[in-house]
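Peer 1: have a look; sequence and predicted model below, questions after that.
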Amino acid sequence: MPHQQHVSGPLSSAYDHVRKIRVAIKKISPFEHQTYCQQIQILLRFRHENVIGIRDILRAPTLEAMRDVYIVQDLMETDLYKLLKSQQLSNDHICYFLYQILRANVLHRDLKPSNLLINTTCDLKICDFGLARIADPEHDHTGFLTEYVATRWYRAPEIMLNSKEEIFHQVTSLSAGILGSPSQEDLNCIINMKARNYLQSLPSKTKVAWAKLFPKSDSKALDLLDRMLTFNPNKRITVEEALAHPYLEQYYDPTDEPVAEEPFTFDMELDDLPKERLKELIFQETARFQPGVLEAP
């Protein structure tokens with residue numbers, strides 16, 4: 001039956017008679033987009049309870065016969081966007097969801113409510129890794145990130161300000177309207193000189209206290225919000241520090257936080273690969289799920 005779980009590609013739900021659970025089945029076809037291959041590569045290497053995993057992959061046994069690929073995943077009843085539209089979340093729900101998002105520690109690049117799947121027991125799983133990237137340990141990540149494509153309203157200030165698009169004006173509602181005018185030190189980190197000059201031309205604004213905007217909210221939650229929405233990413237709270245923040249202390253256990261067994265590395269970039277090569281890569285990545293091949297994890 002059709003299902004509305006938010007991931008790329010046509011999606012249906014079915015009953016898994018072996019595991020005795022309902023699952024989501026996503027159809028991938030054709031093989032023209034590198035995002036499909038990239039998501040398979042990442043999800044097969046990323047085993048985490050807060051990341052939507054791959055239960056099984058169904059396809060034809062030969063490359064020539066492979067027209068479609070069916071990916072079997074956990075079925076989640078809703079997503080955070082729909083939940084926020086239908087009801088107001090309690091502080092406990094917000095705390096638990098935020099903890100689950102942070103502990104996944106993913107360079108997702110398009111994290112938004114509709115990409116956060118939730119089930120009836122409030123378990124949260126991040127989905128749609130089409131824009132995700134693997135961090136290069138040899139690359140200097142201390143400066144501002146370069147441009148990437150993401151849902152505009154959820155982009156970080158540094159992405160908006162360093163974009164080639166004429167969209168940096170939109171960040172001023174956050175940077176100047178709520179966070180106050182950035183310091184000269186923060187402005188010096190902006191690569192796009194046009195954006196930097198534009199911000200410098202604006203009238204000076206004083207930061208608005210979060211407690212004034214959200215007077216009924218938990219003070220610990222507002223403190224964490226303030227640290228996460230710091231304008232300069234070099235001064236922003238890290239994931240590890242956020243997990244250890246007092247607001248999340250009821251869930252945080254440093255001895256029970258998952259760590260990747262080894263860094264993710266790929267032999268090649270997938271951008272601009274021809275359709276035939278993308279199909280070959282998907283065929284290779286999904287071979288482990290075929291009968292007679294080493295059992296999938």
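Peer 2: It's in.
Peer 1: which SSE is immediately downstream of the lowest-mean-pLDDT helix or strand in the chain?
Peer 2: Least confident helix or strand of the chain, by mean pLDDT, DSSP states H and E, is helix 172-175 with a mean of 52. Moving toward the C-terminus from helix 172-175, the next helix or strand (DSSP states H and E) is helix 184-187.
Peer 1: contact partners of that following helix?
Peer 2: With C-beta atoms under 8 Å, 6 or more residues apart in numbering as the test, helix 184-187 has contacts from 196, 199-200, 231-232, 235. All C-beta spots, glycine's among them, are computed from the backbone N, C-alpha and C.
Peer 1: swap the cut-off to 10 Å and go again
Peer 2: Helix 184-187 is contacted from outside by 157-158, 161, 175, 179, 181, 195-197, 199-200, 230-235, using C-beta atoms under 10 Å, 6 or more residues apart in numbering.
Peer 1: quick one: that helix to chain centroid distance?
Peer 2: Chain-centre distance of helix 184-187: 28 Å, with C-alpha atoms, centre = their mean, to the nearest Å.
Peer 1: can you map out the strands along the stretch 1-150 of the chain?
Peer 2: 11-16, 21-28, 54-58, 69-74, 78-79, 116-118, 124-126 (DSSP state E, counting those that start in this stretch).
Peer 1: quick one, domains of the chain?
Peer 2: 11-75+267-289, 143-233 (automatic domain parsing).
Peer 1: quick one: which of the ones you listed has the weakest pLDDT on average?
Peer 2: Of all those, domain 143-233 carries the lowest average pLDDT, namely a mean of 77.
Peer 1: how far does stretch 25-34 stretch from start to finish?
Peer 2: 19 Å (C-alpha to C-alpha, to the nearest Å).
Peer 1: give me the buried positions along it.
Peer 2: For stretch 25-34, burial by neighbour count (16 or more other C-beta atoms under 10 Å) applies to 25-26, 28, 31, 33-34.
Peer 1: helices of the stretch 51-200 of the chain, start to end?
Peer 2: 80-86, 91-104, 157-161, 172-175, 184-187, 193-201 (DSSP state H, counting those that start in this stretch).
Peer 1: in the helix or strand just after the last one, what counts as buried?
Peer 2: What it means is helix 193-201. Counting by DSSP H and E, the next helix or strand C-terminal to helix 193-201 is helix 210-213. Residues of helix 210-213 classed as buried by neighbour count (16+ other C-beta under 10 Å): residue 210.
Peer 1: centre of the chain versus helix 210-213, how much separation?
Peer 2: Counting by C-alpha atoms, centre = their mean, helix 210-213 comes out at 27 Å from the chain centroid.
Peer 1: packing partners of the next helix or strand along the chain from that helix?
Peer 2: Following helix 210-213 in sequence order, the next helix or strand is helix 219-228 (DSSP H and E). The elements that helix 219-228 packs onto, with contact taken as 3 or more C-beta pairs under 10 Å, 6 or more residues apart in numbering; DSSP states H and E, are helix 91-104, helix 210-213, helix 239-243.
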